[in-house]
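Student: Below are the sequence and a predicted model; questions follow.
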Amino acid sequence: MNEIYEIQYALDTFYFLVCGALVMWMAAGFSMLEAGLVRSKNTTEILTKNVALFAISCTMYLICGYAIMYDGGFFLSGIEAFSQEEVLASSAEEGFAGASVYSAASDFFFQVVFVATAMSIVSGAVAERMKLWAFLAFTVVMTGLIYPLEGSWTWGGQEVFGLFSLGDDFGFSDFAGSGIVHMAGAAAALAGVLLLGARKGKYGSNGQVNAIPGANLPLATLGTFILWMGWFGFNGGSVLKLGDASSAHSVAMVFLNTNAAAAGGLVAALVLARLLFGKADLTMALNGALAGLVAITAEPSTPTALQATLFGALGGLLVVLSILGLEKLKIDDPVGAISVHGTVGLLGLLLVPITNDGATFVGQIVGALTIFVWVFSASLVVWMLIKVIFGIRVSEEEEFSGVDIAECGMEAYPEFTSK
């Protein structure tokens with residue numbers, strides 16, 4: 001019997017690592033998407049933010065984030081906690097069918113790339129006018145404290161400030177992070193955007209909204225496809241195991257539903273954009289696909305493929321309306337991150353009870369409010385402190401010439417610069 005456990009240990013650990021690598025690949029997707037949707041004079045800085053936030057996220061989650069989120073283990077050199085023998089012994093007590101058998105190190109690796117994903121959402125929303133080092137300072141707090149604490153109340157199973165349990169008391173459920181990861185990232189982004197203000201020239205004095213096109217739509221499209229692919233690891237890995245028939249079937253359904261939702265979201269957003277604007281808007285289509293993915297992330301295992309397609313389509317419709325709504329409110333989000341991950345993240349949470357009997361609408365609402373209020377409030381305080389200490393916005397001259405030169409001292413496309 002021990003040999004069976006060892007095989008399952010190897011399969012589940014390997015599956016965790018592969019899915020974690022797919023989610024890590026999403027960092028490239030965010031980088032390409034954001035680089036394509038900003039102006040060329042701000043490309044180097046947005047890429048610097050994305051590679052730096054990934055490194056900071058990994059370091060802060062190693063130092064303290066994992067310990068906060070799961071109440072022990074993984075504090076500095078604590079990665080060696082939970083040996084293979086200890087995992088196999090505890091699994092044998094649970095029984096083969098119910099055990100999740102994998103290396104603790106693989107669990108940390110899978111969790112840390114989710115932290116970086118949440119922070120990547122913030123990057124695009126504050127693009128083209130935020131100081132690089134102000135953003136990186138916020139990254140330290142977001143990934144080391146704000147995200148791990150809300151994660152401890154949800155996936156970590158701890159009580160919210162010792163008052164109540166979202167899962168046990170309210171039936172809150174978020175399979176892979178529509179709220180825990182995506183809405184949390186959007187809440188932090190919203191707090192920063194409100195303090196930061198809009199880009200110069202985005203809104204006219206008479207209330208009109210001026211479009212500021214991205215520099216490289218092929219790059220943005222590539223980024224979307226990378227994210228689409230990485231999402232199979234994001235959702236599929238959240239099954240947490242592969243080493244038995246039931247889990248393998250769940251993984252297959254999660255992959256199927258994830259893909260179906262993305263397709264439904266893209267088609268719905270493209271059709272709605274055609275009806276509203278008279279044209280096939282590529283950026284809305286790309287955000288529609290991502291919205292479909294966010295919408296299904298809260299529960300990709302229980303819907304049928306048709307339901308997943310419809311859920312994704314709802315996300316695609318909602319993201320278009322949300323982007324237009326935020327524009328009317330003069331909330332400037334260059335890549336639509338707040339709408340894709342925040343508005344649709346909430347939708348994803350509210351869709352869970354339709355197919356998952358273990359979740360309740362009250363629980364989903366309480367969970368969503370808890371996540372949003374904590375992350376938004378804590379982020380707003382941190383952004384305000386950073387603003388007071390050394391500022392968060394570049395000067396008008398630096399914004400006009402581009403933050404690439406001001407913040408990084410180099411251009412992404414120097415051969416196209418006229419001298």
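Tutor: Okay, I see it.
Student: Now for Leu369, how many residues are close by?
Tutor: Around Leu369 there are 12 other residues, counting by other CB atoms under 10 Å. C-beta: built from backbone N, CA, C; applies to glycine.
Student: Quick check: the nearest residue to Gly20 once chain neighbours are set aside vs Glu150, distance?
Tutor: Nearest residue to Gly20, sequence neighbours excluded (CB to CB, 6 or more residues apart in numbering): Phe110, at 4.2 Å. Distance, Phe110 to Glu150, using CB to CB, to the nearest Å: 18 Å.
Student: So which of those two has more stuff around it?
Tutor: Counted by other CB under 10 Å, Phe110 and Glu150 do not tie: Glu150 has more neighbours, with 29 against 24.
Student: Return the residues in contact with that one.
Tutor: By CB atoms under 8 Å, 6 or more residues apart in numbering, Glu150 lies in contact with Ile180, Ala184, Thr370, Ile371, Trp374, Val375.
Student: can you check Pro300 too?
Tutor: By CB under 8 Å, 6+ apart, the contact set of Pro300 is Phe175, Ala176, Asn235, Met253, Val254, Asn257, Thr258, Ala261, Ala308.
Student: How about Gly144?
Tutor: With CB under 8 Å, 6+ apart, Gly144 has these contacts: Met60, Tyr61, Ile63, Cys64, Gly65.
Student: Give me the neighbour count for Leu194.
Tutor: Leu194 has 12 neighbouring residues, counting by other CB under 10 Å.
Student: ok, now the one 4 residues further on?
Tutor: Ala198 is surrounded by 17 other residues when neighbours are defined as other CB under 10 Å.
Student: Make sure it is indeed in a strand.
Tutor: No: secondary structure assignment places Ala198 outside any strand; it is coil (DSSP: H, G, I helix; E, B strand; the rest coil).
Student: ranking the contacts of Glu150 by neighbours, who comes first?
Tutor: For the contacts of Glu150, counting by other CB under 10 Å, the largest number of neighbours falls to Ala184: 31 neighbours.
Student: dump the residue contacts of it.
Tutor: Ala118, Ile146, Tyr147, Glu150, Ile371, Phe372, Val375.
Student: Out of these, name the ones that lie in helices.
Tutor: Members of these lying in helices (criterion: DSSP state H): Ala118, Tyr147, Glu150, Ile371, Phe372, Val375.
Student: roughly how far apart are the first one and Gly345?
Tutor: Ala118 sits 11 Å away from Gly345, taking CB to CB as the criterion.
Student: Can you pick out the residue with more neighbours from these two?
Tutor: Gly345 (34 against 29).
Student: measure the more buried one to Gly316 for me?
Tutor: Gly345 is 14 Å from Gly316, by CB to CB.
Student: which residues in the stretch 1-150 of the chain form helices?
Tutor: Ranges of helices in the stretch 1-150 of the chain, per DSSP state H, counting those that start in this stretch, are 2-37, 43-60, 66-70, 84-94, 104-125, 132-141, 147-153.
Student: so after the last one, what's the next helix or strand?
Tutor: On the C-terminal side of helix 147-153, the nearest following helix or strand under DSSP states H and E is helix 166-170.
Student: on contacts alone, who are the packing partners of that following helix?
Tutor: Identification of packing neighbours for helix 166-170 by 3 or more CB pairs under 8 Å, 6 or more residues apart in numbering; DSSP states H and E yields helix 361-390.
Student: Averaged pLDDT, the helix it packs on. What do you get?
Tutor: Averaged across helix 361-390, the pLDDT comes to 97.
Student: Enumerate the positions of it that are buried.
Tutor: For helix 361-390, burial by neighbour count (16 or more other CB atoms under 10 Å) applies to 363-364, 366-368, 370-372, 374-376, 378-380, 382-383, 386-387.
Student: got it, and stretch 220-237?
Tutor: Buried residues in stretch 220-237, counted by 16+ other CB under 10 Å: 220-224, 226-228, 230-237.
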